[in-house]
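Chemist: Provide a 3D model corresponding to the input given below.
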Amino acid sequence: MTTTNVYFSHGTRNEQYLVEDLIIESLRMYGQEVMYIPRTLVSKDEILGEDRLSQFKSAFPIEMYFENVDSFGGQGAFIQKFGLMVEQSATLVVARRRWDQFVGRYGVTTIPTRPNEGDLIYFPLSKGLFEIKFVQHQDPFYQLGKLYVYKLQVELFQYASEAIDTGNAEIDAFETLKTFNTNTTRTQYGEVTSVTLTNNGSGYDSPPTVTFVSNSGTGAEATAYLGTGSNSGKVIKVVVTNNGTRYQTAPLVQFSGGNPTVAATATATVENNIDKVESFGDNNKFKIQAADDLFNASNPFGEVDITYLPTGTVVTYTSTADSNNITADSNSVTADTE
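Modeler: Numbering: from 1, shown residues only. You can find the predicted model right below:
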């Protein structure tokens, strides 16, 4: 049962298709070709809610319409206490169907069904790189009962040591121009830390060669060792000799050679080491210690706990000149110098 008049509809499917086709045609006529650059998260910091190891590995051409007709929004270039700042913003309109065709179907965005906040837009006309700050998906609001476009609120991208390797020279140049790191490959994360045997195999007449197969990382190496006695002909351990780099997921471990009766199998463990100086990440030690010492169930606001010495406590220390006694009470500290 329906409460609305059944003889009047809010738009048939054919009418919706017609409106959508007209919108797409208009965007292709009056829009600009831009490059949509999805962000790949590597090691998200759960405290600060950011991932300073983010990567931008691909770029997809698509047309978008700039609602800003006079100039970019924002304050432009201005001087403030931290120096020269440039603020530019814009509102971009992209057709939903076209985004699905050119970007969404590849499944490269964190949320695969729509444009994502944090992804980048490269505007070749001004050679500017913009970051999506907000995605408005209900404006215009259900014309003929359907949504046709996304409106993207974008601002000039503030580079923070992310890896940019899209294969487009104009876009990838941003990393070279902006980074303060002498090692622009940033190889200090995504390391193979250990290999765990799941089947020792049998019948090996010589140690097999260990190979790591991965679509992301490279360089990991390991050595397999055979046992003796009752473990003769079996792989008893695998020692990682080179951790490699850029592994986003655990690589496949393969054993070759050695003429086994039953081949050994193993799994690799990958750790994103964000404690290293060149990783540009936030410190794991800070995150773990902060969870215990600052922000916990009994201290949700992170107030520092100050412990006072009991009244009458005497603390003795030795200086280069002489020895001094310090007597502490709950309100003051007095020094008695000999």
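
Chemist: how about P61, phi and psi?
Modeler: phi -70, psi 140 (degrees, to the nearest 10).

Chemist: Report the beta-bridge partner residues of it.
Modeler: M35 (DSSP bridges).

Chemist: and the gap between A222 and S9?
Modeler: 65 Å (Cβ to Cβ, to the nearest Å). C-beta: built from backbone N, CA, C; applies to glycine.

Chemist: Walking through this structure, point out its helices one by one.
Modeler: 13-30, 96-102, 169-178, 284-293 (DSSP state H).

Chemist: Figure out how far the third one is from the centre of its chain.
Modeler: Using Cα atoms, centre = their mean, to the nearest Å, the distance from the centre of helix 169-178 to the centre of the chain it belongs to is 19 Å.

Chemist: Check which helices and strands it is in contact with.
Modeler: strand 163-164 (3 or more Cβ pairs under 8 Å, 6 or more residues apart in numbering; DSSP states H and E).

Chemist: quick revisit: which one of the helices of the chain lies nearest to Y148?
Modeler: helix 13-30 (5.1 Å; Cβ to Cβ).

Chemist: Touching that closest one from outside, list them.
Modeler: Surrounding helix 13-30, the residues in contact under the criterion Cβ atoms under 8 Å, 6 or more residues apart in numbering are 11, 63-65, 93-95, 97-98, 143-146, 148-149.

Chemist: Give me the buried subset of these.
Modeler: 63-65, 93-95, 97-98, 143-144, 148-149 (16 or more other Cβ atoms under 10 Å).

Chemist: For these, give me a markdown table that also has pLDDT.
Modeler: Formatted as a markdown table, the buried ones among the contacts of helix 13-30 follow (pLDDT from 0 to 100):
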| residue | pLDDT |
| --- | --- |
| E63 | 96 |
| M64 | 95 |
| Y65 | 95 |
| V93 | 96 |
| V94 | 96 |
| A95 | 96 |
| R97 | 95 |
| R98 | 95 |
| Q143 | 86 |
| L144 | 86 |
| Y148 | 94 |
| V149 | 95 |
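
Chemist: now, among those, which is nearest to I164?
Modeler: M64 (20.2 Å).

Chemist: I figured that closest one was touching Q32, is that so?
Modeler: Yes: using Cβ atoms under 8 Å, M64 makes contact with Q32 at a distance of 6.4 Å.

Chemist: What's the separation between E20 and K237?
Modeler: In terms of Cβ to Cβ, E20 sits 61 Å off from K237.

Chemist: looking at the helices of the chain, which is buried most?
Modeler: helix 96-102 (a mean of 17; mean count of other Cβ atoms under 10 Å).

Chemist: which residues touch it?
Modeler: Against helix 96-102 from outside (Cβ under 8 Å, 6+ apart): 20, 24, 27, 36, 60-63, 114-115, 147-150.

Chemist: Likewise for stretch 114-129?
Modeler: Against stretch 114-129 from outside (Cβ under 8 Å, 6+ apart): 32-39, 54, 56, 59, 64, 88, 92, 94, 99, 103-104, 109-110, 130-135, 137, 150, 152, 154, 156-157, 168, 170-171, 174.

Chemist: Now it: buried residues?
Modeler: 115-123, 128-129.

Chemist: now do the same end-to-end measure for it.
Modeler: Start-to-end span of stretch 114-129 (Cα to Cα, to the nearest Å) is 20 Å.

Chemist: Give me the subset of the buried ones among the contacts of helix 13-30 that lies in strands.
Modeler: Using DSSP state E, the subset of the buried ones among the contacts of helix 13-30 located in strands is 63-65, 93-95, 149.

Chemist: Distance to T209 for those - can I get that in JSON lines?
Modeler: JSON lines is the format used below for these (distance: Cβ to Cβ, whole Å):
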{"residue": "E63", "distance to T209": "50"}
{"residue": "M64", "distance to T209": "50"}
{"residue": "Y65", "distance to T209": "56"}
{"residue": "V93", "distance to T209": "55"}
{"residue": "V94", "distance to T209": "50"}
{"residue": "A95", "distance to T209": "52"}
{"residue": "V149", "distance to T209": "55"}
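
Chemist: in the chain, which ranges drop under the pLDDT threshold?
Modeler: 1, 76-78, 80, 82-86, 179-189, 272-338 (pLDDT under 70).

Chemist: and L226, what is it in contact with?
Modeler: 204, 206-207, 232-236.

Chemist: nearest to T2, of those?
Modeler: V235 (68.8 Å).

Chemist: Report the separation between the residue nearest to the spatial centre of the chain and G118.
Modeler: Closest residue to the average C-alpha location of the chain: L41 at 2.5 Å, with Cα atoms, centre = their mean. Relative to G118, L41 is positioned 9 Å away (Cβ to Cβ).

Chemist: Give the intersection of the neighbour lists for those two.
Modeler: 54, 110.

Chemist: so Q32 makes contact with N68?
Modeler: No: using Cβ under 8 Å, Q32 is not in contact with N68, being 11.3 Å away.

Chemist: Overlap of the contact sets of these two?
Modeler: Joint contacts of Q32 and N68 (Cβ under 8 Å, 6+ apart) do not exist.
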